[in-house]
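*Asks:* with the input below, show me the fold.
(one chain, ligands or ions: 1)
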Amino acid sequence: MHIKIATRSSRLALWQAEHIQARLQADDVTSELVLIETKGDLVLDRSLSKIGSKGVFTQELEDQLYDGRVDIAVHSAKDLPSSLPPGLRIIAFTEREVANDVLVSRNKELSLTSGQPFVIGTSSTRRIALLKHYCPHLTTIDMRGNLQTRIRKLDEGQCDALLLAYAGVHRMGYDELIVERLPLSEFTPAVGQGSIAIEAADSLDKEKYDVIRRLVNHERTEACLLAERSFLNRLEGGCSIPSFALAHWSAGQGSPGQLSLTGGLVSLDGTDMLRDTFDGPYSEATALGHALAESILTRGGDTILTSIREQL
Ligand SMILES: NCc1[nH]cc(CCC(=O)O)c1CC(=O)O
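*Replies:* Below is the predicted model:
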């Protein structure tokens, strides 16, 4: 069997695609990578929220799936919108890497909790809003581009530190630049952070589908991500909305276990913060995400969302 894989060509995207290739090799499946530029890779002078939140890193890959030029597309799960275009679906999620955000700097003394002011480069609306909420003494400057570009900008002195996902920093081999791992309880990650998602057309050959699921999919991560993505879907938030959610699986009473989903929303200026945790059975992941989102919306989340949409 031979599988054609669409991927972006950033180093992180290639790492992820090669990771999937290595998994498939375990079963004598051959594969090849088809490298594709997306709008998110090409337009670097505007923030993601201005380019348009939906599918900036995914659309060109999806075109290849529709045309049948590739079998699957590999993405950071975080970059995939919570609802996919018709005819496409996610067929597997890899086991999640450490989900935390980390502070990256050449200066080992820096810490978010020290009370010392410094400048953080990030253009994530979630990270900016959470920093405003928990660390009002810090300043942020807008910083896009792939990991290597951002670290170059850090080294040029454009900022003192970066706030990044551990998963990407670790995969790119920059662990020695991590000066602090941020607590999940405050800096709750973006939906899907740390997992790799495999997207395919509904028409994907059944044998390929089965092989990919068997060799790549991690069931517990999948359940967590279904809950998180359902939460995001109900909020109708793309990656430009400062929302966050993280689910954990636990053994609970008997199999197949329980999910605990924490998620919320913060206003762009950091003043209004809503966060809650809902627990439910593993088999009800989608309903759990939906219920948490409903609760957040009725407790004032709808007002926060309206004002976010007016400002972006
Ligand atoms: N949108 C950028 C993006 N997409 C996925 C990752 C990191 C890897 C991951 O979370 O899977 C990053 C960089 C970052 O947020 O630091």
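
*Asks:* for the chain, name the helix or strand with the lowest mean pLDDT.
*Replies:* Ranking every helix and strand in the chain by mean pLDDT, DSSP states H and E puts helix 48-51 at the bottom, with a mean of 62.

*Asks:* show me what from the chain comes close to the ligand.
*Replies:* The chain comes close to the ligand at residues Ser76, Lys78, Asp79, Leu164, Ala165, Ala167, Gly168, Gln193, Gly194, as judged by C-beta under 6 Å from any ligand atom. Just so you know, the C-beta spots here come from the backbone N, C-alpha and C atoms, and that holds for glycine as well.

*Asks:* again, 5 Å this time
*Replies:* Ser76, Lys78, Leu164, Ala165, Ala167, Gly168, Gln193, Gly194 (C-beta under 5 Å from any ligand atom).

*Asks:* how many neighbours does the second one have?
*Replies:* For Lys78, the count of nearby residues is 22 (other C-beta atoms under 10 Å).

*Asks:* how close does the residue nearest to it when sequence neighbours are not counted sit to Thr140?
*Replies:* Beyond its immediate neighbours in the sequence, the residue positioned closest to Lys78 (C-beta to C-beta, 6 or more residues apart in numbering) is Gly192, lying 4.2 Å away. When distance is defined by C-beta to C-beta, to the nearest Å, Gly192 is 23 Å away from Thr140.

*Asks:* please identify which of the two sits among more neighbours.
*Replies:* The neighbour count for Gly192 versus Thr140, taken as other C-beta under 10 Å, is higher for Gly192 (28 against 19).

*Asks:* for the more buried one, give its distance to Ala227.
*Replies:* In this structure, Gly192 lies at 11 Å from Ala227, with C-beta to C-beta as the measure.

*Asks:* how is this structure carved up into domains?
*Replies:* 2-94+196-217, 101-181, 231-311 (automatic domain parsing).

*Asks:* and those: which comes nearest Thr188?
*Replies:* Of all those, the one in closest proximity to Thr188, counting by C-beta to C-beta, is domain 231-311 (3.9 Å).
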